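In: this is a predicted model, with the sequence first.
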Amino acid sequence: MDHVLMTERLILRPVTVHDHAVLLAHWTGADVRRFLFDGAVLSPAEVTEVIEDSVRDFATGGHGVWLIRSKDGGDLIGVAGLRPLEELGLEVFYSLEPAAWGKGYATEAAGAVVEYALGPLGLPEVLAEVDEGNAASVAVVERLGMTPFAMVPGLLGPMTRYRRTP
């Protein structure tokens with residue numbers, strides 16, 4: 001299985017070592033990392049670790065980090081993926097280039113990841129964790145049919161945990 005996901009407008013493909021520069025540039029953007037990494041700047045070594053973890057996770061568990069591009073080619077739209085949320089299970093996460101905001105790409109890409117997780121991957125649920133101040137992501141997870149189940153402290157303030165089952 002090649003783990004490529006397709007939507008109406010997007011292609012999501014697993015990251016590889018060849019994506020290091022693109023991921024580093026994307027994830028070091030201030031607007032992109034604000035909620036995804038609580039404002040922290042990832043080092044090149046940390047990006048390498050994310051890529052290596054993703055390659056391993058795809059090989060062993062069928063999930064990891066996908067690059068998001070439009071079907072008609074062009075620049076990076078963003079990233080989506082599944083990662084562990086403590087010992088609770090896997091959470092969907094995503095980040096978009098600021099030029100791609102407001103076009104429905106987050107919902108489309110994250111929706112493809114959630115459907116893949118609950119369908120072919122066979123997970124019993126998919127989780128999400130959203131910072132209180134991230135109204136755009138709250139709207140995305142609600143459009144994905146996720147419901148809140150817990151509030152936890154976070155570096156930027158309270159975070160709401162969401163879940164969706166098949």
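Out: All right, it came through fine.
In: contacts, neighbours, all on C-alpha from now
Out: Noted.
In: any buried residues in the helix-or-strand element of the chain with minimal mean pLDDT, and which?
Out: Lowest by mean pLDDT, DSSP states H and E among the helices and strands of the chain is helix 30-36, with a mean of 80. Neighbour counts using 16 or more other C-alpha atoms under 10 Å place Val32, Arg33, Arg34, Phe35, Leu36 of helix 30-36 among the buried residues.
In: could you grab the helix/strand/coil label for Gly111?
Out: Assigned with DSSP: H, G, I helix; E, B strand; the rest coil, Gly111 falls in the helix class.
In: excluding chain neighbours, what is closest to it?
Out: Leu144 (6.1 Å; C-alpha to C-alpha, 6 or more residues apart in numbering).
In: wait, that neighbour touches Thr107, no?
Out: Yes. Checked against C-alpha atoms under 8 Å, the pair Leu144 and Thr107 is within contact range at 7.0 Å.
In: sorry, back to before: the least confident helix or strand of the chain: how far from the chain's middle?
Out: The chain centroid and the centroid of helix 30-36 are separated by 13 Å under C-alpha atoms, centre = their mean, to the nearest Å.
In: list the contacts of that helix.
Out: The contact list for helix 30-36, computed with C-alpha atoms under 8 Å, 6 or more residues apart in numbering, reads 26-27, 39-41, 93-98, 131, 134.
In: I'd like to know which of those are buried.
Out: If we count by 16+ other C-alpha under 10 Å, the contacts of helix 30-36 have these buried: His26, Trp27, Gly39, Phe93, Tyr94, Ser95, Leu96, Glu97, Asp131.
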